[in-house]
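S.K.: Build me a model from this:
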Amino acid sequence: MRVALVINTSWNIWNFRRSLVKALQAAGHEVLAIAPPDAYSERLETELGCRYVPILMENKGTNPVKDAALTRRFYQLYRREKPDVVLHYTIKPNIYGTIAARLAGIPSINNVSGLGTVFIVKNLVSKVALGLYRFAFRFPRRVFFQNADDRQLFLENGLVDPRITDLLPGSGVDTHRFRPAATFQRQEPFVFLMIARVLYEKGVEEYFEAARLVREAVPGTRVQLLGGVDESGGVGVKRAVFEQWLQAGHIEYLGTSDDVAAQIRQADCVVLPSYREGTPKTLLEAAAMGKPIVTTDVPGCRETVVDGQNGLLCEVRNAPDLAAKMLQVLRLPAPELEQMGRAGRRLAETRFDERLVLDKYLHIVQEVTAPLSGRR
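M.R.: Next up, the predicted model:
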């Protein structure tokens, strides 16, 4: 079978769907990677063995003329490439790709991996987006959600038929690749790490303020940030503002990295004060590597923490509470810190192993393409 993965960046496929690509290929399927071109597009072909198919797509904003053109581009691409099933991720593929797949007579499977600003910011754009979801989500054969809150929100708003919905534990985590160190070692000074794009909705502003409070309480504490600056769409922190924040000297900015595991390994605690998520892969990776977590008590994030066992939950948009929880972890004796990490590892193994995700995808792909395979 020819299976198409459609996402808003090639980077996203490389970082979050690599294991799914390999699992589909191992099951005998040909995989098309459809996304706008970026620095990772070539690697999808040379290192993953996909056939990469570029598509022009603006990830932010809602412009009826541009969106109609995007739907047409999806339709033309699907008619030309003739995939047997399309797996859609991120907002625009989920909406316009699904409509195009329906018009092209190709079954689609959608994944809602977080609601972004649609449900966080209430405005005209969010109302339009809800209407588009309601229309487009009449057509997929299955819609996967990464947490129960997101699914419930879609059901309460009448955006999807409950009979076609299912839950996944995020993207899952490769528990063999992401493992704790052979021997526990607490860093001196203590190291906090946040892994996220520099977006307001990720809680980056609160993280900077919490870093100041933590370092005032315990001078010398290292507070790090790993992730790219993204000024597009008005939701990212402007580079000039970000650089001004950095001048205060409380955050070590690490830029971006293709080896996130190496950065997590050198940290004592991973922090994500996001406003809302699907299920953050970075927190799953941190748990799998035996690192305590501090994150917000919001949909998507709260699923990764049993409060007090493998980490702590803090209030959203509350820098002082975030700082208090970070300090609480920092002041744990080494044996309790290690115990918290072990609890995270158990959670990753039992609830978030990526095999749970891959098995569901392999099953649904086989299910929706069964009539096709029977005719061939």
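
S.K.: quick one: contacts for Arg72?
M.R.: For Arg72, the contacting residues are Ala100, by Cβ atoms under 8 Å, 6 or more residues apart in numbering. Every C-beta, even on glycine, is put in place using the N, C-alpha and C of the backbone.

S.K.: typo on my end, it should be Val271
M.R.: Phe192, Leu193, Met194, Tyr207, Ile293, Val294, Thr295, Leu322, Met326.

S.K.: again, 7 Å this time
M.R.: Phe192, Leu193, Met194, Tyr207, Val294, Thr295, Met326 (Cβ atoms under 7 Å, 6 or more residues apart in numbering).

S.K.: Then Pro140?
M.R.: Taking Cβ under 7 Å, 6+ apart, one finds Thr98, Ser108, Ile109, Asn110, Ile164 in contact with Pro140.

S.K.: Look at it and report its pLDDT.
M.R.: With respect to pLDDT, Pro140 scores 98.

S.K.: any idea which helix or strand carries it?
M.R.: For Pro140, there is no host helix or strand (DSSP states H and E).

S.K.: From Cys50, how far out is it?
M.R.: 22 Å (Cβ to Cβ, to the nearest Å).

S.K.: which residues of the stretch 1-150 of the chain fall in helices?
M.R.: Remark: helices assigned in the stretch 1-150 of the chain by DSSP state H, counting those that start in this stretch are 10-16, 18-26, 41-46, 64-81, 91-92, 98-104, 124-136, 148-156.

S.K.: so where's the stretch 101-250 of the chain uncertain?
M.R.: 116-122, 233-234 (pLDDT under 70).

S.K.: And the strands in it?
M.R.: 108-112, 142-145, 165-167, 191-195, 222-226 (DSSP state E, counting those that start in this stretch).

S.K.: export these to CSV and tack on mean neighbour count and distance to Cys301?
M.R.: Formatted as CSV, these follow (neighbours: other Cβ atoms under 10 Å; distance: least, Cβ to Cβ, whole Å):
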stretch, mean neighbour count, distance to Cys301
strand 108-112, 27, 16
strand 142-145, 24, 15
strand 165-167, 15, 16
strand 191-195, 24, 12
strand 222-226, 21, 17
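
S.K.: Distance to Arg276 added to the ones you listed, as TSV?
M.R.: Listed next are the strands of the stretch 101-250 of the chain as TSV, based on distance: least, Cβ to Cβ, whole Å:
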stretch	distance to Arg276
strand 108-112	12
strand 142-145	13
strand 165-167	17
strand 191-195	16
strand 222-226	19
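
S.K.: The helices of the stretch 1-150 of the chain: which one's closest to Glu354?
M.R.: Glu354 lies closest to helix 18-26 among these, at 5.4 Å (Cβ to Cβ).

S.K.: list the buried ones in the closest one?
M.R.: Arg18, Ser19, Leu20, Val21, Ala23, Leu24 (16 or more other Cβ atoms under 10 Å).

S.K.: now stretch 311-318
M.R.: Counting neighbours by 16+ other Cβ under 10 Å, stretch 311-318 gives Gly311, Leu312, Leu313, Cys314, Glu315, Val316, Asn318 as buried.

S.K.: still on that earlier bit, identify, from the contacts of Pro140, the entry nearest to Ser257.
M.R.: Using Cβ to Cβ, those come closest to Ser257 at Asn110, 29.8 Å.

S.K.: Can you tell me how far that closest one is from Phe139?
M.R.: Counting by Cβ to Cβ, the gap from Asn110 to Phe139 is 9 Å.

S.K.: Name the residues contacting each of those two.
M.R.: Common neighbours of Asn110 and Phe139 (Cβ under 7 Å, 6+ apart) are Thr98.

S.K.: So Val271, which state does it fall into?
M.R.: strand (DSSP: H, G, I helix; E, B strand; the rest coil).

S.K.: Looking at strand pairing, list the partners for it.
M.R.: Met194, Val294 (DSSP bridges).

S.K.: Could you give the number of residues near Thr350?
M.R.: 11 (other Cβ atoms under 10 Å).

S.K.: try Asn63
M.R.: Asn63 has 10 nearby residues by other Cβ under 10 Å.

S.K.: For Asn147, see how far away the residue nearest in space to the middle of the chain is.
M.R.: For the chain, Pro280 is the residue whose C-alpha lies nearest the centre (Cα atoms, centre = their mean; 5.0 Å). Going from Pro280 to Asn147 by Cβ to Cβ gives 10 Å.

S.K.: quick revisit: now go through the buried residues of stretch 311-318 and say which are in strands.
M.R.: Gly311, Leu312, Leu313, Cys314 (DSSP state E).
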